[in-house]
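Undergrad: Build the 3D model from these lines:
(one chain, ligands or ions: 1)
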Amino acid sequence: MTTPTSNYHFCNYYYSSIHHHLLHSIFMMNSTSSPPRKHDDSESSSSSSAVAGFFSLFSEIQMVEISVALAVFVVIHCLRQKQRHGLPSWPFVGMLPSLILGVHGNIYEWISDVLEGQNGTFTFKGPWFTNLNCVVTSDPRNVEHLLKSKFPNFPKGKYFRGTVRDLLGDGIFSADDEIWQRQRKTASLEFHSAKFRRMTTDSLVELVHARLLPVLEDSVEKSEPIDLQDILLRLTFDNVCMIAFGVDPGCLSPGLPEIPFAAAFEAATEATIMRFVMPTLVWKAMRYLDVGSEGKLRESLEGVDGFAKQVIRARKEEMASESDGQRSDLLTVFMRLRDDGGEAFSEKFLRDICVNFILAGRDTSSVALSWFFWLLSGNPEVEERVLEEICGMVREREGDDHEFVLRPEEVKKMDYLHAALSEALRLYPSVPVDHKEVVEDDKFPDGTVLKKGTKVVYAIYAMGRMEGIWGKDCREFKPERWLRDGRFMSESAYKFTAFNGGPRLCLGKDFAYYQMKFAAASILLRYRVVVVENHPVVPKMALTMYMKYGLKVRLEKRHPIQLEKYLNFKSIAC
Ligand code: HEM
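TA: As a prediction, this is how the structure comes out:
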């Protein structure tokens with residue numbers, strides 16, 4: 001039986017001898033072919049006869065010999081690459097064939113499998129002359145090195161910024177260095193202020209009780225299945241626009257209307273993602289010609305920018321009339337600030353700030369909630385425990401509060417729900433892969449060499465499925481792994497990287513947990529969420545881990561008897 005090492009030596013031996021044989025054949029071919037003939041003016045100079053003449057230099061046998069040697073050389077070269085890097089690497093196309101096969105199935109599972117076989121890190125070689133080369137890792141030591149210990153050496157980088165510039169401009173998501181630092185500091189102060197927290201909790205109560213629950217109730221009355229992912233996306237889009245712009249676009253309204261700003265934002269994001277799978281020269285040429293996805297991007301950006309301009313102008317007028325005193329959305333906060341020269345920020349910069357926050361918060365919580373509800377539907381014992389915890393809050397209240405609205409202090413006390421949501425994010429992180437660029441030559445703690453300019457991908461989805469990180473039961477949905485004596489215990493951000501880590505830790509993390517817990521608890525208290533039989537649930541390949549076909553569910557009103565088990569009154573109105 002051959003071990004991997006003996007296989008490696010076997011390949012090495014044959015690789016050297018074939019390499020030698022190939023060179024030998026070419027050398028022999030030149031030495032045995034007829035001497036070059038003098039140029040004869042009278043001879044036809046057509047290209048076909050030149051090609052024929054060229055091939056006639058070799059005997060048929062030599063051609064066969066060379067072809068066989070070349071084929072064996074390529075195959076053995078690729079096997080050696082596979083042993084070294086986990087994937088076969090072919091001349092010209094690199095590891096692209098394997099990637100194409102991976103993309104065909106579940107790309108995140110494919111990355112996890114390759115990483116599992118390579119001790120957590122591998123180097124992907126893209127086709128020649130493309131920008132697809134990168135180092136991929138799921139090793140928590142490397143992730144800590146990347147996100148914290150050597151943070152300045154791993155910015156988002158020029159390639160990323162150049163690719164997303166038209167949509168994100170100089171906003172927090174794409175900026176590095178001082179531009180990033182200034183926005184981070186201001187936004188961070190705001191996110192932790194009491195006024196901002198009040199605004200976010202109030203806006204959420206309004207959205208959940210006046211809009212989400214009536215839409216759900218309507219589906220129950222009509223006995224119609226709904227796409228829960230779509231409804232949750234509408235909820236978080238409206239919510240983040242209220243936080244960023246101080247404006248409610250109204251996506252989550254009866255009849256689920258299409259809102260031009262939301263549609264333009266979605267189209268602009270999709271067209272921007274297309275740039276990552278195309279060579280830079282190609283999308284730049286398409287942009288110049290205003291065709292394909294680039295034509296769509298220009299059109300949708302007009303929609304996004306037009307909306308932003310309108311809101312900024314209206315707010316300026318409002319602020320001039322001094323009636324903005326109560327506002328604490330990000331736009332108003334940044335409009336009150338002055339830059340280093342004492343000037344107000346430009347309309348373009350204000351637009352960038354808001355668009356970046358909307359992108360950060362529009363779909364991350366909603367897709368996490370969708371995976372959570374799906375996992376819950378397959379784990380009724382977890383659902384029981386979540387319900388028991390929520391009902392515990394209701395029980396402690398005095399009187400029959402039928403319009404039950406959860407209070408911030410109650411939401412915070414829900415440790416089991418917090419654990420269940422974290423467990424859903426461990427298995428289905430909203431941002432499944434993320435990346436950085438290397439500024440100066442470096443080395444990972446696991447020994448991987450990182451050359452200047454290399455792209456480094458950290459595979460967050462794969463990290464949630466590594467036995468070495470989470471143990472043998474890593475693929476099971478077990479909220480209990482987050483609890484000690486019934487209290488939620490957080491994990492290292494370099495092991496549970498769903499919210500990133502280090503100086504660029506997600507700024508909206510606390511708010512996102514609050515939002516998810518409030519929405520989930522408000523729904524679960526009133527309805528049982530039943531996934532429609534045979535509805536396919538698979539991840540979509542995108543920057544955020546959407547469910548490809550949405551989440552088709554039927555809602556069943558909680559039966560009074562079911563609630564009676566936990567409550568001292570029988571039903572809760574929506
Ligand atoms: C479950 C929900 C969420 C998850 C899993 C999540 C995850 C992440 C991740 C992975 C990053 C790093 C992205 C990168 O640098 O490439 C990030 C950054 C960020 N997130 Fe979140 N996020 C969530 C919700 C939110 C919400 C609701 C907001 C705002 C309302 C928000 C605001 C931000 C901001 C501003 C950044 C950029 C931080 C920086 O670069 O300094 N996030 N988030």
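Undergrad: contacts and neighbour counts: CA atoms only from here.
TA: OK.
Undergrad: and the stretch 101-250 of the chain, which of its residues are near the ligand?
TA: Contact residues (C-alpha under 6 Å from any ligand atom) of the stretch 101-250 of the chain with the ligand: 172-173, 184, 240.
Undergrad: how about the residues of this structure near the ligand?
TA: Counting by C-alpha under 6 Å from any ligand atom, the chain sits next to the ligand at 172-173, 184, 240, 357, 360-361, 364-365, 368, 430-431, 434, 498-500, 504-509, 512.
Undergrad: Please narrow the residues you listed to those residing in strands.
TA: D434 (DSSP state E).
Undergrad: Skipping its backbone neighbours, what lies nearest H535 in space?
TA: K552 (6.7 Å; C-alpha to C-alpha, 6 or more residues apart in numbering).
Undergrad: gap between stretch 270-281 and the chain center?
TA: Its chain's C-alpha centre and that of stretch 270-281 lie 15 Å apart, by C-alpha atoms, centre = their mean, to the nearest Å.
Undergrad: What are the buried residues along it?
TA: Buried residues in stretch 270-281, counted by 16 or more other C-alpha atoms under 10 Å: 270-273, 275-276, 280.
Undergrad: Please dump those into JSON lines; it should also carry pLDDT and secondary structure for every row.
TA: Putting those into JSON lines (pLDDT from 0 to 100; DSSP: H, G, I helix; E, B strand; the rest coil) gives the following:
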{"residue": "E270", "pLDDT": "89", "secondary structure": "helix"}
{"residue": "A271", "pLDDT": "92", "secondary structure": "helix"}
{"residue": "T272", "pLDDT": "92", "secondary structure": "helix"}
{"residue": "I273", "pLDDT": "87", "secondary structure": "helix"}
{"residue": "R275", "pLDDT": "90", "secondary structure": "helix"}
{"residue": "F276", "pLDDT": "84", "secondary structure": "helix"}
{"residue": "T280", "pLDDT": "88", "secondary structure": "helix"}
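Undergrad: which one among those residues gets closest to D290?
TA: Closest to D290 out of the buried residues of stretch 270-281 is A271 (12.5 Å), distances taken as C-alpha to C-alpha.
Undergrad: Can you pull out the low-pLDDT segments for the chain?
TA: For the chain, the stretches with pLDDT under 70 are 1-61, 71-86, 323-325, 398-403, 560-574.
Undergrad: Spell out, range by range, the strands that occur in it.
TA: 121-124, 134-137, 226-227, 433-437, 442-443, 449-450, 455-459, 483-484, 487-488, 527-531, 552-557.
Undergrad: Looking at the residues of the stretch 101-250 of the chain next to the ligand, which two lie furthest apart in space?
TA: Counting by C-alpha to C-alpha, the most remote pair of these is R184 and V240, 17.0 Å apart.
Undergrad: neighbour count winner among the two?
TA: Shown here are R184 and V240; by other C-alpha atoms under 10 Å, V240 has more neighbours (25 against 18).
Undergrad: can you tell me how far that one sits from G117?
TA: Separation of V240 from G117 (C-alpha to C-alpha, to the nearest Å): 40 Å.
Undergrad: cool, S138 as well?
TA: From S138 to G117 the distance is 12 Å (C-alpha to C-alpha).
Undergrad: of these two, who's got more company?
TA: A count of neighbours by other C-alpha under 10 Å puts S138 above the other of S138 and G117, at 30 against 12.
Undergrad: List the contacts of the more buried one.
TA: Counting by C-alpha atoms under 8 Å, 6 or more residues apart in numbering, S138 touches 115, 120-121, 458-460, 462-463.
Undergrad: Can you say which two of these are spatially most distant?
TA: Spanning the widest gap among the contacts of S138 are T121 and I460, at 12.6 Å by C-alpha to C-alpha.
Undergrad: Give me the more crowded residue out of those two.
TA: Of the pair T121 and I460, I460 is the one with more neighbours under other C-alpha under 10 Å, namely 31 against 25.
Undergrad: close enough to count as contact, the more buried one and V431?
TA: Yes: in this structure, I460 is within contact of V431 by C-alpha atoms under 8 Å, at 7.3 Å.
Undergrad: list the residues that contact both of the two?
TA: The contact sets of I460 and V431 overlap at A498 (C-alpha under 8 Å, 6+ apart).
Undergrad: how about whatever residue of the stretch 201-350 of the chain ends up closest to the ligand, what does it touch?
TA: When scored by C-alpha to the nearest ligand atom, the stretch 201-350 of the chain has V240 as its residue closest to the ligand, at 5.7 Å. When contacts are counted by C-alpha under 8 Å, 6+ apart, V240 is found next to 357-358, 361-362.
Undergrad: go again using 10 Å as the cut-off
TA: Taking C-alpha atoms under 10 Å, 6 or more residues apart in numbering, we find V240 in contact with 200, 203-204, 246-248, 329, 354, 357-363.
Undergrad: I'd like to know which of these are buried.
TA: Neighbour counting by 16+ other C-alpha under 10 Å classes 200, 203-204, 246, 248, 329, 354, 357-363 among the contacts of V240 as buried.
Undergrad: Out of those, name the ones that lie in helices.
TA: Counting by DSSP state H, the members of these that fall within helices are 200, 203-204, 354, 357-362.
Undergrad: In space, what's closest to M466 - neighbours in sequence excluded?
TA: Excluding the flanking residues, the one nearest M466 by C-alpha to C-alpha, 6+ apart is C474, at 6.6 Å.
Undergrad: Touching, Y527 and F373? I think so.
TA: No: applying C-alpha atoms under 10 Å as the test, Y527 and F373 come out as separate, 11.6 Å apart.
Undergrad: Name the residue in the two with the higher neighbour count.
TA: Between Y527 and F373, counted using other C-alpha under 10 Å, the more crowded position is F373 (25 against 20).
Undergrad: and that one, how far is that from V247?
TA: 29 Å.
Undergrad: Repeat that for I469.
TA: According to C-alpha to C-alpha, I469 and V247 sit 42 Å apart.
Undergrad: just F124 next, same as before
TA: Distance from F124 to V247, counting by C-alpha to C-alpha: 44 Å.
Undergrad: do the same with T201
TA: 15 Å.
Undergrad: Equivalent analysis for E396, please.
TA: On the measure of C-alpha to C-alpha, E396 and V247 end up 36 Å apart.
Undergrad: Then P254?
TA: Remark: distance between P254 and V247 (C-alpha to C-alpha) = 18 Å.
Undergrad: again with S89
TA: For S89 relative to V247 (C-alpha to C-alpha), the value is 51 Å.
Undergrad: ok so, going back, residue contacts, the residue nearest to H535?
TA: Neighbour list for K552: 225-230, 374, 529-537 [criterion: C-alpha under 10 Å, 6+ apart].
Undergrad: What of L376?
TA: Neighbours of L376 in contact, by C-alpha under 10 Å, 6+ apart: 370, 382-384, 386, 420, 424, 477, 529-531.
Undergrad: what's the neighbour count on the residue in the stretch 1-150 of the chain that the ligand sits nearest to?
TA: Proximity of the stretch 1-150 of the chain to the ligand (C-alpha to the nearest ligand atom) peaks at L147, 9.6 Å away. By other C-alpha under 10 Å, the residues close to L147 number 23.
Undergrad: show me the contacts for it.
TA: By C-alpha under 10 Å, 6+ apart, the contact set of L147 is 153-155, 436, 458, 493-494, 500-505.
Undergrad: Name the nearest of those residues relative to F191.
TA: Closest to F191, out of all of the contacts of L147 and judged by C-alpha to C-alpha, is L505, at 13.3 Å.
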